[in-house]
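>>> Structure for this input, please:
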Amino acid sequence: MKIAVTGSIATDHLMTFRGRFRDSLVVEQLDKISLSFLADELEIRRGGVAANIAFGMANLGQRPILVGSVGEDFADYRSWLERHGVDCRSVHVSDTKHTARFVCTTDDDMAQIATFYAGAMSDARLIELSPIAQRVGGLDLVLIGANDPEAMLRHTQECRTRGIPFIADPSQQLAFADGPEIRRLVDGAAYLFTNEYEAHLTEQKTGWSEDDILGRVDVRVITRGGRGVTIHRKGEDVVTVPVAREVRKADPTGVGDGFRAGFMTGLAGGLDLRRCAELGSMLATYVIETVGTQEYHLGQERFLARLADAYGPDSADEIRPVVACRPG
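A predicted model of the protein is given here:
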């Protein structure tokens, strides 16, 4: 199954300030603010929803096609992804802008001051899916993740026009999009992915009820944090899958991307929706146990053993032929 993953590709620059921002803020002078903080630590992490999802799929043995826009500073990141099995040949490289970047400083109170630079991500609107489909011999599924808004709309419309099944995964962009725009991103999707808050936001902004949405998408998948995930299809009982138990909680960043990577790997292997969600939940657990969205390590037998522990031996036996985990 040939799956293209479209969306943001970014690097995260994370700094730590040993102090409290509030001690340097003078309320009466906020209109003239000019501050500098000395950071003790800097971590540069690979990120972006499309890159995170593609990385997860590749670590489960898939060969996902990454689609997005980056700057010429992407070379090291490209090498990392390709080394882990991601097809990066359809990544657009801007010759004028840097790769999108998230720069964040966190103080001792866990307060944060951050800036997001979209950069080359804005050029994603220039990407046409048809040449990508021709290069790989056709696309079976396209995930349309958070990205430049015009790119998301373009990819969605092209999928509809060319009859390519697509996953609507608007994520963070729901906060900025209006109702008509969200309707255009969702209508006709084979799958709609949101978390619980985003599910309510989708209904509120579009004016569509839950039944309305189920009449416009084939499958609706809602992640619910520690309460697992629910899967909805019109006229069918809701499928509920609990979370897989984690060894520790290190960092929740990218957990949703891990879930999507596992779920789509299950789809590629022909698993039913429950098994897809179990596979996604297991990979999401690996993400939450590590700092960074692409720093986890899998091992086939260990991964399957944890699946069996979380969801039973039947789950592990059915998923085993579908995954080829990279060594841990």
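
>>> Please make it C-alpha for all contacts and neighbour counts, starting now.
Fine.

>>> got the contact list for Leu283?
Contacts for Leu283 (C-alpha atoms under 8 Å, 6 or more residues apart in numbering) come out as 56, 258-259, 261-262.

>>> Now do it against Glu295, distance only.
For Leu283, the distance to Glu295 (C-alpha to C-alpha, to the nearest Å) stands at 12 Å.

>>> Likewise for Ala177?
The value you get for Ala177 to Glu295, if C-alpha to C-alpha is used, is 32 Å.

>>> More neighbours: which of the two?
Ala177 (16 against 12; other C-alpha atoms under 10 Å).

>>> Per-residue confidence at the more buried one, what does it come out as?
Confidence at Ala177, expressed as pLDDT, is 91.

>>> picking that back up, restrict the contacts of Leu283 to the buried ones and give me that as a PyMOL selection.
Command for PyMOL that selects the buried part of these, burial taken from 16 or more other C-alpha atoms under 10 Å:
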select buried, resi 56+258+259+261+262
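
>>> Check the contacts of Leu283 against Arg78 and report the nearest one.
Of all the contacts of Leu283, Arg78 sits closest to Gly56, with 14.9 Å by C-alpha to C-alpha.

>>> what's the closest non-adjacent residue to that closest one?
Ala261 (5.2 Å; C-alpha to C-alpha, 6 or more residues apart in numbering).

>>> go on, Trp208?
Nearest to Trp208 is Thr202, by C-alpha to C-alpha, 6+ apart, at 7.9 Å.

>>> give me phi/psi at the one you found?
phi -60, psi -50 (degrees, to the nearest 10).

>>> Surely it is in contact with Leu174?
Yes. Assessed by C-alpha atoms under 8 Å, Thr202 is found in contact with Leu174 at 7.2 Å.

>>> shared neighbours, these two?
Ile182.

>>> Could you check which of those two has the larger neighbour count?
Neighbour tally, Thr202 and Leu174, criterion other C-alpha under 10 Å: the higher count belongs to Thr202, 25 against 19.

>>> Against Thr223, how distant is the residue nearest to Trp208?
From Thr202 to Thr223 the distance is 14 Å (C-alpha to C-alpha).

>>> go on, Pro149?
For Pro149 relative to Thr223 (C-alpha to C-alpha), the value is 23 Å.

>>> Going along the chain from the helix or strand where Leu81 lies, find the next helix or strand for me.
Following DSSP states H and E, one finds Leu81 within helix 75-83. As assigned by DSSP H and E, the chain's next helix or strand after helix 75-83 is strand 92-93.

>>> Not counting that next one itself, show me its contacts.
67-72, 120, 123-124, 127.

>>> Just the pLDDT at Arg154, thanks.
98.

>>> does it really touch Ala124, like I thought?
No. Between Arg154 and Ala124 there is no contact under C-alpha under 8 Å: 9.5 Å.

>>> What sits closest to Arg260 if chain neighbours are left out?
Counting by C-alpha to C-alpha, 6+ apart, the residue nearest Arg260 is Gly280, at 6.0 Å.

>>> again with Arg248
Glu289 (5.4 Å).

>>> ok, the one you found touching Val247?
Yes. Judged on C-alpha under 8 Å, Glu289 makes contact with Val247 at a distance of 6.7 Å.

>>> quick one: which of the two has more around it?
Glu289 (18 against 10).

>>> Next, that one: phi, psi?
phi -80, psi 0.
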